[in-house]
Each structure stands twice: as structure tokens, then as C-alpha cells.
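*Asks:* structure for this input, please:
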Amino acid sequence: MGNNLLQSRSAETDPQSSSGGLAGDHSHAAAPTAATATPVWGGRIVKLAVLLLVFGAGWFAANARHEHAQKESLPPGSSSEAHNPSTVIVTVEPVTRRSVQRTVEALGTLHGFEEVSISARIEGRIRKVLHDVADRVRPDELLLEIDPTDYQLSVQQADRALQVELAKLGLKSVPDATLDLGKVPSVVKAKSVMEHAKSRHDRLSRLAITKNVSAEDSESAASDYRTSQAEYDNQMIQAESDLATIQMKQVELQVAREQLANTKILVPTPTAAIPGAEDVVYVVSQRSVSEGTLVRPGTEIFRLVISQTLKLRVPVPERYSAEVQLNQPVQVFAATSAKPFAGTVTRIYPIVEPTTRTFQVEIQVPNPTGELKPGSFAKASILTRVDSQAVTVPLAALIQFAGITKIFLAEEGQAKEVPVTLGTQTTEWVEITKPTLPDQAQVITSGQTAIANETSIIIREPAPPATGATSASSADSSDSPDATKHPTRGVRE
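*Replies:* Numbering: from 1, shown residues only. This is a model prediction of the structure:
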């Protein structure tokens, strides 16, 4: 600006020189352009300086307000101690006693309530298969049929052999145990001959006394009687043998009929009731043969399982043998669902496995919808008892470093380090099983990263509730949800 004024004044005082310069010298004509650019750069520099000055003033004011808010949050009389670099501001919460459900957890495998392997009982070729894997079948339902031709012929052959033996005794049907063998025709005939020989022998014997018959006739009569008596006994024995043969042929006929019946493979009928299920339903879990396959006795054909109620078998450590009891409720967790399934302890094995030092526990799990699958992996949480005096601390009080879990207690203005053993844990609190903490203990919940054992601490008091007379800075800090949940988060970080 000064240069411009001087140039204007010189132009006014010396118009000739000015006009001469414009008319005759091109080097002097460029001078006004350079002079005009100089005030533009000067204005920009002035604006930049003003912006820096405003930014610095704002930063200074914000920092002063933040320090003022921190000073207001400290308890009275602690301003001198807050400047001590070895003193840490912390928050504390009291140790709480809660009711905690004690559980015994174990991992195991789900099994069907009953698992049945169906095998062939006879030899033959498969003629028809009526069911496949995943089919639901009920007791006495036909699964498979074997070609019955050979076994039908065997039944006819056994029946004819039985009829032959019955004909020998003059019977039409198989007699019962009350049959009188003396009524068999051959026995009746032998008995009649024996009685006639006996009568003749007796008559000649009386005549021999009076010498009215020869000795030869008397001896002949006695011999005939003995022969007929032996024949009668022989016919009785033969009748008994024929009766035994009839019984044997009857059994052979029954065997032939049973083999014929075994050509049809049926679903078995369980004798025990299924808990929680009115009707028994099997699920075909495996099919091993096809139509036309030649099977032999013992060949596995189907595998069936009852899945309406499952059995979870889990190994439990030996130290819990006194806690696990029959009929205790169980929560069963499986990968198929996020919700637990209800179960009941129904069987506790009486022995401990020497290699693992565990004993087996069987848990029944109702499965009416079939959501759980036999053979799948599951976790059991056995509810044993309720402890109403469990010591708990907030989850924020835990410090874990190098595999060691610890907490800090506030005692007489110092932090006391306490290694702990954890128990039941939730998203808000955790149980301390060891060591036993005093009932009035105060556990540090923030600032642990800046303290060590016997570090001097200052307990930050809870912030008072916001009122209409609070300052703008206090209202801003209290309205923050982060400040409400973690009043000392800034100190911890």
C-alpha cells in the first residue's frame, strides 16, 4: 500500500515522466503489475494468521474446560494428591454374594432308546424289500420278504410224515397226554389174544390136577399164554414208540412252519414302555440288502432305532460321584439348536473306569420332534444343588496376564493383588471360588492396567445425578451412555 501511494504521488507530481515512461520504455510498464501482486499475497498471509489464532484459542478453551471437569469429579481435598504421579484414580464395587446353581458338566454321545439289528434267521433269496433308510415303521410291520417256496414244500413234507405216524396208531390227529394206549387197535388185539391164552391155560391147569388132560396140552397152553403176554407187552412198547414218533413229527412240522414264517421279516415289538411316548415308532437307520440278494442265517438286514426318547451317555469324573444322583434334572446342549433340551439322570454305572477315573451316567432326553439325532455329540449340564452364598465380583475386575487370573482389592488407600480361581461366570459377574474374600471387600473395577501390588490409589466417587443447574460440560459428560456404564473408562485407558 505504501508503494502504491508513493507511485501515485510521483505520478501526480511528474506527469511527464509518467507519460514518458508509458510511451517510451517497456521495462517500466511491467512495474505496476508486480506491485499489484504484492498486496494479494500479504492478504492471504494475514488471513492464515487469523485462522491459526482462532484455532489456538479454541483448543486452549477446550483443554481448560476438560481440566476443570476432571477437577470437579475428584473428591474434596484430593487435588494435591492427584498431582502425585504414583497415585492412580480407580473405581471400586463391593463383593456380592449370590445364589448360584451348581452343575457338573460332561460331554458324551446320544444313543437311541433302543437300537435293534435285524438279521436273517433262514437261508434264502430276497424277494421283496418294503422299507428303506429313514422310514418310520411300527411293531409287527413287514420289512422284507424271502422267497418261501422251499419252506412251503418243507411244511407239506413234514405234515405228510406226521399223518403216516398217526395212521399207524389209527389216529386222525395228534393226541394229547391223556391218550390211553390200551385203546390202540394193535394193543387191543394183543390184549385179546393174551386173555384168550390165559383162559385156556387156566382151564387146562385145573384139568391137569384131575389127570383129565395130558401134560403136553397143559405145557402148550402155558407156552401160548406166555407168548401172547409178551406180544401184548411188545405192542404196548410199539404204541409208545409210535406216539413218540408222532410227537417228533409234530415238532418237525412246527419247525418247518416257523421257517416258513421267518421268510417274512417283521418289526419287533418292545416289551418295555418308552418314556414320554404313547406309541412305539422305529426309524430305519440302515439297510444292508437288496432284492435278489442271497442271505444266510445271521446276515444283518436292517438296523432300527427308537428316537422318540434318546439316551445320553457321558463320562463323569470320579470326584463328582457323591454329587450326581438319580432323577436330577439335566440341561443338554447340542449343535442342532441354541436352546437346551431337558433331560433326567436315569442310570449311574456302579464302577469307575480305571484308565480314565470316570464313571458312566445315562441321561434320558425326550425327543418327540426328532430334532436330536442318535450318534450326535452333546454336552450335559447336570443340576446338582444351589449354593446361596457364592462370592461374586464384577467381570470388569478380572485381570489376566501370562495365564494368571487376578483381581485388586482396595485396602487402606492401596491396591492389594489377589490371584483367584474362577467358578460360574455370566456376562456381568464371575464367581470367585478361591481364595475366600472378606464380605466387606472392595474390588477395583477400573484402572487396573496402571496399578500393581501396594500401589497408592484414590477411589473415584460415583458421579451425582444430572440436574438443571449443572454446567454444560457436566451435562455433556453425564448424557454420554459410555460415561454412565464406565465412569472411569478414560482413566483406565
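*Asks:* where does the stretch 51-200 of the chain have low pLDDT?
*Replies:* Scanning the stretch 51-200 of the chain for pLDDT under 70 picks out the ranges 58-85.
*Asks:* please, where are all the strands along it?
*Replies:* Using DSSP state E, counting those that start in this stretch, the strands assigned to the stretch 51-200 of the chain run over residues 88-94, 96-119, 124-129, 136-137, 142-146.
*Asks:* the first one: which residues count as buried?
*Replies:* The reference is to strand 88-94. Going by neighbour count (16 or more other Cβ atoms under 10 Å), the buried part of strand 88-94 is 88-93. All C-beta spots, glycine's among them, are computed from the backbone N, C-alpha and C.
*Asks:* contacts only, for the closest residue to Thr309 other than its chain neighbours.
*Replies:* Closest residue to Thr309 apart from its sequence neighbours, by Cβ to Cβ, 6 or more residues apart in numbering: Phe113 at 4.5 Å. Residues counted as contacts of Phe113 (Cβ atoms under 8 Å, 6 or more residues apart in numbering) are 274-275, 306-311, 364.
*Asks:* out of the residues you listed, which are buried?
*Replies:* 306-311, 364.
*Asks:* among the residues you listed, name the ones in helices.
*Replies:* Applying DSSP state H to those, no entry is found in helices.
*Asks:* show only the entries of the residues you listed found in strands.
*Replies:* 306-311, 364 (DSSP state E).
*Asks:* skipping its backbone neighbours, what lies nearest Arg347 in space?
*Replies:* Glu362 (3.7 Å).
*Asks:* just want the angle from the helix or strand hosting the one you found to strand 96-119.
*Replies:* Using DSSP states H and E, the element containing Glu362 is strand 358-366. For strand 358-366 against strand 96-119, the angle by axes from the mean of the first three to the mean of the last three Cα atoms, to 10 degrees is 80 degrees.
*Asks:* neighbouring strands - and their directions - for the helix or strand that comes right after strand 358-366?
*Replies:* Remark: after strand 358-366, the chain's next helix or strand is strand 377-394, criterion DSSP H and E. Using DSSP bridges, strand 377-394 pairs in its sheet with strand 96-119 (antiparallel), strand 329-334 (antiparallel), strand 429-434 (antiparallel).
*Asks:* mind giving me the packing neighbours of the helix or strand Gly343 falls within?
*Replies:* Using DSSP H and E, Gly343 sits within strand 341-348. Under the contact criterion of 3 or more Cβ pairs under 8 Å, 6 or more residues apart in numbering; DSSP states H and E, strand 341-348 touches strand 329-334, strand 358-366.
*Asks:* to Lys264, which of those lies closest?
*Replies:* strand 358-366 (33.1 Å; Cβ to Cβ).
*Asks:* what's the closest one packed up against?
*Replies:* strand 96-119, strand 300-317, strand 329-334, strand 341-348, strand 377-394.
*Asks:* just say helix, strand or coil for Asp202.
*Replies:* helix (DSSP: H, G, I helix; E, B strand; the rest coil).
*Asks:* domains of this protein?
*Replies:* Following automatic domain parsing, the chain resolves into domains at 2-58, 79-95+398-492, 105-119+304-387, 148-262.
*Asks:* can I get the ones you listed in a markdown table with distance to Val133?
*Replies:* Output for the domains of the chain, formatted as a markdown table (distance: least, Cβ to Cβ, whole Å):
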| stretch | distance to Val133 |
| --- | --- |
| domain 2-58 | 77 |
| domain 79-95+398-492 | 43 |
| domain 105-119+304-387 | 11 |
| domain 148-262 | 23 |
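*Asks:* and those domains: which comes nearest Arg127?
*Replies:* domain 148-262 (8.0 Å).
*Asks:* quick revisit: just checking: what are the partner strands of the strand holding Gly343?
*Replies:* strand 329-334 (antiparallel), strand 358-366 (antiparallel).
*Asks:* give me the longest helix you can find in this structure.
*Replies:* Per DSSP H, the chain has its longest helix at helix 215-261.
*Asks:* so what does the helix or strand just after it touch, helix or strand wise?
*Replies:* The helix or strand immediately downstream of helix 215-261 is strand 264-266, counting by DSSP H and E. The elements that strand 264-266 packs onto, with contact taken as 3+ Cβ pairs under 8 Å, 6+ apart, are strand 142-146.
*Asks:* nearest to Leu52, of the buried residues of strand 88-94?
*Replies:* Using Cβ to Cβ, the buried residues of strand 88-94 come closest to Leu52 at Ile89, 34.8 Å.
*Asks:* before we move on, the earlier item: check what pLDDT the residue nearest to Arg347 gets.
*Replies:* With respect to pLDDT, Glu362 has a value of 96.
*Asks:* my guess is it meets Thr344, correct?
*Replies:* No - using Cβ atoms under 8 Å as the test, Glu362 is too far from Thr344 to be in contact (9.9 Å).
*Asks:* measure Ala177 to Arg257 for me?
*Replies:* 22 Å (Cβ to Cβ, to the nearest Å).
*Asks:* more crowded one of those two?
*Replies:* Taking other Cβ atoms under 10 Å, Ala177 and Arg257 do not tie; Arg257 has more neighbours (16 against 4).
*Asks:* what residues does the more buried one make contact with?
*Replies:* Val155.
*Asks:* going forward, begin numbering at 57 instead of 1
*Replies:* In the new count, where the first residue is 57, that last one comes out as Arg313.
*Asks:* tell me how far it lies from Gln157.
*Replies:* For Arg313, the distance to Gln157 - Cβ to Cβ - is 61 Å.
*Asks:* what does Gln381 give?
*Replies:* 15 Å.
*Asks:* need the nearest residue in space to Leu478, chain neighbours excluded.
*Replies:* Leu478 sits nearest to Val486 (Cβ to Cβ, 6+ apart), 5.5 Å away.
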